[in-house]
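# kindly return the folded structure for what I paste below:
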Amino acid sequence: MPKVAREMVENAGIGVEKLLEKLIAAAGAEFTTFYYYTILRVCSIGHEGEGLKEIIEDARIEDRNHFEALFPRIYELGGELPRDIRSFADLAGCPDAYLPDSLAGGKTPSGPSMTDLLNVLVEAERCAVRTYTDLCEYTNGKDPRTYAICQAILNEEVEHEAWFSEYLGEGPSGHFRRGWPGASPYVKPFMTADHD
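Below you'll find the predicted structure:
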């Protein structure tokens, strides 16, 4: 653990233990969302579901990238990820993105069930936007590294929300698909592994 990294954050007036709680909760949410989006993508079938699959895949892989960008900062500040995956999931800062009951058992998404799936997706993204806005406000002007990571993730989460809300008929998002799924244009500089 880089001692000076933690010391500088403390000297800037940030409660490092509180920051670590926020970062672990955010990392837990990214990890569990990656898992749940895998299930949601698999269950996006039928005419409408096929059009949504690529967007879910993009958000799913980028959420994995967000986790990979966050966890090194947790360790840099003297924290650690929980050793038990169940404990980690329990600490997640956003509710689980469960497959809606209307799609359980392999039902074809159409009508209300497709809307149910989209509501799960958009609410997960809205929680993420709130999480990273809070982290940016907490670290702004005091912890440049954590702020930069969280701001990059926030940019991608805002786009994810826009993609899914557009499918719900809430208006055009103004955003276009990435060059390839999981491109993470904002987060890529903070990732610990190369995914090209």
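# only C-alpha atoms from now on, for both contacts and neighbour counts.
OK.
# any chance you could map the helices in this protein?
3-11, 16-42, 46-76, 85-90, 112-139, 144-167 (DSSP state H).
# JSON lines for those, including mean pLDDT and mean neighbour count?
Compiled in JSON lines, the helices of the chain are given as follows (pLDDT from 0 to 100; neighbours: other Cα atoms under 10 Å):
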{"stretch": "helix 3-11", "mean pLDDT": "92", "mean neighbour count": "14"}
{"stretch": "helix 16-42", "mean pLDDT": "96", "mean neighbour count": "21"}
{"stretch": "helix 46-76", "mean pLDDT": "91", "mean neighbour count": "20"}
{"stretch": "helix 85-90", "mean pLDDT": "95", "mean neighbour count": "15"}
{"stretch": "helix 112-139", "mean pLDDT": "93", "mean neighbour count": "19"}
{"stretch": "helix 144-167", "mean pLDDT": "95", "mean neighbour count": "21"}
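# among those helices, which is nearest Ser184?
helix 46-76 (5.7 Å; Cα to Cα).
# who does the closest one touch, helix- and strand-wise?
helix 16-42, helix 144-167 (3 or more Cα pairs under 8 Å, 6 or more residues apart in numbering; DSSP states H and E).
# what is the first one packed up against?
Yep, that's helix 16-42 we're talking about. helix 3-11, helix 46-76, helix 85-90, helix 112-139.
# ok, so what distance separates Glu156 from Tyr186?
Noted for Glu156: a distance of 7 Å to Tyr186, by Cα to Cα, to the nearest Å.
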